[in-house]
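In: predicted structure and sequence below. I'll ask about it afterward.
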Amino acid sequence: MKEIYPLLIFSLVVFTSGYININKEKMKHLKSIDEFKKTNEQLFSDANKFSKLFGLDSGSTESGDKGKEGDKKSSSSGSSSSSSSSSSSSSMSSKIDIGNYGKFTEASSKKSPLIVVYGGIDVGGKKSGEYMYDYINKIGSSANIFVAKDHSVDGKAAYDSLKSKLSEKSITPSKKILYLFSGGYKPGMDLLKSVSASEFDLIYLVDIWMGNSKVADFYETLAKNNKEKVRYFYTGTGSANANAKNNLIKTLNFYKANDNNDHMATNKDAVSDLLNKL
């Protein structure tokens with residue numbers, strides 16, 4: 001039987017080669033892609049049948065098993081990734097009320113940086129205490145985050161209440177970051193007039209509104225006295241004061257215009273930058 005086996009293999013090779021060549025000649029005359037595919041599939045289907053007839057398909061079976069194993073690993077990896085993403089979202093959803101001022105989410109470490117966010121006016125029927133999470137969520141649990149409920153909160157009272165919560169939870173941030181977007185200038189001014197810029201390691205001014213001289217003077221002075229600490233993100237019209245905007249740009253060490261002149265998208269720019277500072 002061992003002497004016959006090589007002969008059978010040789011016969012199979014010759015037969016298959018002849019069969020394929022014959023069908024290749026047929027395929028030259030096919031008039032459509034569909035006919036080509038159909039004949040091609042039939043060709044290799046028949047070749048597999050010849051292989052099975054002589055018991056020569058064990059290699060393909062092993063390969064198929066490996067493929068299935070690979071699919072299982074891929075599926076497992078995908079599940080793990082999905083679980084990780086879900087975990088990140090879950091951590092940001094654990095919001096704690098800070099009096100009636102806003103929400104606080106605790107980081108994975110009690111020494112993680114603290115970010116204090118004061119947002120702008122209502123947008124699309126949503127208060128800034130809601131829509132700011134569309135951007136801040138990207139930070140996940142790598143920072144302790146407070147988001148004010150809206151732009152009208154008392155900045156100092158909100159911060160005092162937040163500090164009490166931090167003390168209660170024994171949270172000692174490695175750094176503090178103030179993030180002011182658009183109409184968040186109001187609680188931002190309230191707070192900075194009380195504790196001064198020295199309270200924070202970084203201050204983000206994100207297309208901040210400076211539409212009257214009082215607000216403009218305040219932020220121009222802030223920028224002048226804290227060139228390295230203040231980071232400015234802006235659009236052409238978000239400040240409602242071209243002179244104040246240009247003065248910040250001339251004064252500060254860091255500033256960035258949004259590529260699409262999109263007011264809300266300045267938050268994307270700012271958060272991307274902020275992630276590198278944590």
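Out: Yep, that arrived. Since this is a predicted model, take the numbers as computed values, not measurements.

In: quick one: low-confidence ranges for the stretch 151-278 of the chain?
Out: Applying pLDDT under 70 to the stretch 151-278 of the chain flags no residue at all.

In: now the strands for it?
Out: All strands of the stretch 151-278 of the chain, identified by DSSP state E, counting those that start in this stretch, fall at 176-181, 202-206, 230-234, 254-257.

In: format those as JSON lines; extra columns: distance to Ser142.
Out: Bear in mind the C-beta positions are built from the backbone N, C-alpha and C, glycine included. Below are the strands of the stretch 151-278 of the chain laid out as JSON lines (distance: least, C-beta to C-beta, whole Å):
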{"stretch": "strand 176-181", "distance to Ser142": "12"}
{"stretch": "strand 202-206", "distance to Ser142": "15"}
{"stretch": "strand 230-234", "distance to Ser142": "18"}
{"stretch": "strand 254-257", "distance to Ser142": "21"}
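
In: for Ser198, what are its contacts?
Out: Counting by C-beta atoms under 8 Å, 6 or more residues apart in numbering, Ser198 makes contact with nothing.

In: mind checking how far it is from Lys250?
Out: 23 Å (C-beta to C-beta, to the nearest Å).

In: and for Lys227?
Out: Taken as C-beta to C-beta, the span from Lys227 to Lys250 is 11 Å.

In: what of Phe233?
Out: 16 Å.

In: same question for Asp154.
Out: 32 Å.

In: again, but for Lys256
Out: From Lys256 to Lys250 the distance is 15 Å (C-beta to C-beta).

In: give me the more crowded residue out of Asp154 and Lys250.
Out: Neighbours were counted for Asp154 and for Lys250 using other C-beta atoms under 10 Å; Asp154 has more, 15 against 10.

In: for that one, give me phi and psi.
Out: Main-chain dihedrals, Asp154, degrees, to the nearest 10: phi -80, psi 110.

In: that one against Asp190, yeah?
Out: Yes - counting by C-beta atoms under 8 Å, Asp154 does reach Asp190; the two are 6.1 Å apart.

In: burial of Ser182, as a residue count?
Out: 24.

In: apologies, that question was intended for Thr251.
Out: Residues near Thr251, counting by other C-beta under 10 Å: 18.

In: Asn226 is in contact with that one, correct?
Out: No - under the criterion of C-beta under 8 Å, Thr251 makes no contact with Asn226, lying 9.6 Å away.

In: quick one: the helices in the protein?
Out: In the chain, the helices defined using DSSP state H lie at 4-27, 33-53, 58-93, 128-131, 133-136, 155-168, 185-195, 213-225, 242-251, 266-275.

In: I'd like to know how far Ile98 sits from Lys156.
Out: As for Ile98, its distance to Lys156 is 13 Å (criterion: C-beta to C-beta).

In: ok, these two, which is more surrounded?
Out: Ile98 (23 against 16).

In: quickly list what that one is bridged to.
Out: Beta bridges link Ile98 to Gly102, judged by DSSP bridges.

In: these two touch, right, it and Asp160?
Out: No - applying C-beta under 8 Å, one finds Ile98 not in contact with Asp160, separated by 10.0 Å.

In: which ones are touching Lys149?
Out: Asn100, Tyr101, Gly102, Lys103, Lys127, Ser128, Gly129.

In: let me know the pLDDT of it.
Out: With respect to pLDDT, Lys149 scores 98.
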